[in-house]
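1. Okay, structure incoming, though there's no sequence with it:
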């Protein structure tokens, strides 16, 4: 099977330790079909910083140069848009006039807090913390709408202090159903983000396959694989494992995007 890594970060993301050249060289060595460079755009980030803003033209020019240097690997122009209530119109305006192959919509900040630093979880049980994140994810996705892939739906669990480090359909089905139904009806892709399912603080979270099956029941067809790599050693990490999971859940294809158009690769 030919794999496409639809979610990775280059030097244009402040938290990345990987250059565009390293990403392209590694993808070529792994014999991938292509990579999507989806650097961070998060307007109104907490702690009053503008680190998660980059010059889109400069990034896309650099991607063009890499395409010439590595003609054997497809390198797609992408962006990961962080959504927050109150920032939707500014975000839409910021990216207007630019051509992308793929737009990922994600949630990184909730109610003015960055879960990475831990304050978001204070005074909340896991059900409240995770449920609120899913609520904001659905509301902002519907409002923004101009995206191709919903990124890491369970990002909120990565840095959580609780014993429960997964979002399970049995507990959050009432929050997940509107989101999954919206994605399916709009033809959006649901992301399996392999960065979530690796060890943190002695625990390896599991992807609840009931969520994938429910997305399929709603008519969802597009599943996207993304490593969320910020360094070269994680590109396409565990893609074979999760493509097999997708197949067992009733999906026959994995999707990537070229000029915002879905392209399907059969799982084999």
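-> Structure's in. What do you need? Here the structure is a predicted model, which means the values were calculated and not measured.
2. Give me the neighbour count for residue 96.
-> Counted by other Cβ atoms under 10 Å, the residues lying close to residue 96 total 8. The C-beta positions use only the backbone N, C-alpha and C, and glycine is treated the same way.
3. scratch that, residue 249
-> Neighbours of residue 249 (other Cβ under 10 Å): 17.
4. Touching, it and residue 216? I think so.
-> Yes. Counting by Cβ atoms under 8 Å, residue 249 does reach residue 216; the two are 6.3 Å apart.
5. Point out where this structure drops to low pLDDT.
-> 48-50 (pLDDT under 70).
6. contacting residues for the residue nearest in space to the middle of it?
-> Note on the chain: the residue nearest the mean C-alpha position is residue 151, at 2.7 Å, using Cα atoms, centre = their mean. The neighbours of residue 151, taking Cβ atoms under 8 Å, 6 or more residues apart in numbering as the test, are 7, 80, 104, 105, 106, 191, 193, 226, 228.
7. All the helices of the stretch 101-250 of the chain, residue numbers only.
-> Secondary structure of the stretch 101-250 of the chain (DSSP state H, counting those that start in this stretch): helices at 126-144, 169-186, 209-217, 239-248.
8. The last one relative to helix 209-217, how many degrees between them?
-> Think helix 239-248. Using axes from the mean of the first three to the mean of the last three Cα atoms, to 10 degrees, the direction of helix 239-248 lies 60 degrees away from that of helix 209-217.
9. With the second one instead?
-> Going by the same axes, to 10 degrees, helix 169-186 is angled at 30 degrees with respect to helix 209-217.
10. Identify each buried residue in helix 169-186, please.
-> 169, 171, 172, 175, 176, 177, 179, 180, 181, 182, 183, 184 (16 or more other Cβ atoms under 10 Å).
11. I'd assumed residue 139 was in contact with the fourth one.
-> No. Under the criterion of Cβ under 8 Å, residue 175 makes no contact with residue 139, lying 10.9 Å away.
12. quick one: residue 227 and residue 198 touch, right?
-> No. If you go by Cβ under 8 Å, residue 227 and residue 198 don't touch, sitting 10.1 Å apart.
13. any common contacting residues for these two?
-> Common contacts of residue 227 and residue 198 (Cβ under 8 Å, 6+ apart): residue 237.
14. what helices or strands is the helix or strand containing residue 89 leaning on?
-> Secondary structure from DSSP states H and E places residue 89 in helix 88-95. With contacts defined as 3 or more Cβ pairs under 8 Å, 6 or more residues apart in numbering; DSSP states H and E, helix 88-95 has these neighbours: strand 34-41, strand 74-82, helix 126-144.
15. OK, contacts around residue 158?
-> So residue 158 contacts 115, 196, 200, 205 (Cβ under 8 Å, 6+ apart).
16. Tell me the one among those residues nearest to residue 165.
-> Closest to residue 165 out of the contacts of residue 158 is residue 205 (4.9 Å), distances taken as Cβ to Cβ.
17. if I look at the closest one, how far off is residue 61?
-> Distance of residue 205 to residue 61, given as Cβ to Cβ, to the nearest Å: 37 Å.
18. where does the residue nearest to residue 17 when sequence neighbours are not counted fall, phi/psi-wise?
-> Leaving aside its sequence neighbours, residue 17 sits nearest to residue 231 (Cβ to Cβ, 6 or more residues apart in numbering; 4.6 Å). Torsion angles at residue 231 (phi, psi; degrees, to the nearest 10) stand at phi -150, psi 160.
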